[in-house]
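In: Based on what follows, work out the 3D shape:
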Amino acid sequence: TNYTAASNTEIYYAFQQTGDFVYPNFIEDLEMILNSSVRVSLIYGDADYICNWFGGEAVSLAMNYTNSAEFRSAGYVPMTVNGVEYGATREYGNFSFTRVYESGHLVPYYQPI
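Out: Residues are numbered from 1 along each chain as shown. A predicted model of the protein is given here:
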């Protein structure tokens, strides 16, 4: 499913009604997905006060899966587009965490790169 801000409001409310925003086992589920070789990217705007990047980074470092030690030691590299730095990414294997500079909750709206 491709969910975007322009999606039908019925879809939004269906997602909201699942209680996904307070789902207690999401870290374990992400670990299972990562161990299944599915690519996972966590992307956070550093000006987002709803889902702050500090918490996202903490989650990315707290997960235990096949490549978690390598992910933790990977370090950050600049995320650049046409020579302009827009953020920083830590990545190893099928998992990445990106902090997008000067971006709020809707990252593509604030930094449409």
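In: Give me the average confidence score over stretch 35-46.
Out: Averaged over stretch 35-46, pLDDT sits at 94.
In: Residue 68 versus residue 59, what's the distance?
Out: 12 Å (CB to CB, to the nearest Å). C-beta: built from backbone N, CA, C; applies to glycine.
In: Show me which of the two is the more surrounded one.
Out: Ranked by neighbour count (other CB atoms under 10 Å), residue 59 and residue 68 place residue 68 first, with 19 against 15.
In: which stretches of this structure form strands?
Out: With DSSP state E as the criterion, the chain has strands at 40-45, 76-81, 84-92, 95-100.
In: Could you give the separation of the second one from the chain centroid?
Out: Yep, that's strand 76-81 we're talking about. Distance, stretch centre to chain centre, for strand 76-81: 15 Å (CA atoms, centre = their mean, to the nearest Å).
In: and what of the third one?
Out: Relative to the mean C-alpha coordinate of its chain, strand 84-92 is positioned 12 Å out (CA atoms, centre = their mean).
In: can you check the last one too?
Out: For strand 95-100, the distance between its averaged C-alpha position and the chain's averaged C-alpha position is 6 Å (CA atoms, centre = their mean).
In: so what strands line up beside that strand?
Out: strand 40-45 (parallel), strand 84-92 (antiparallel) (DSSP bridges).
In: list the contacts for the residue positioned nearest the centre of the chain?
Out: By CA atoms, centre = their mean, the mean C-alpha position of the chain lies nearest to residue 42, the distance being 1.4 Å. Contact analysis of residue 42 by CB atoms under 8 Å, 6 or more residues apart in numbering lists 56, 59, 60, 96, 97, 98.
In: repeat that with 7 Å
Out: 56, 60, 97 (CB atoms under 7 Å, 6 or more residues apart in numbering).
In: swap in residue 80?
Out: Residue 80 is in contact with residue 86, counting by CB under 7 Å, 6+ apart.
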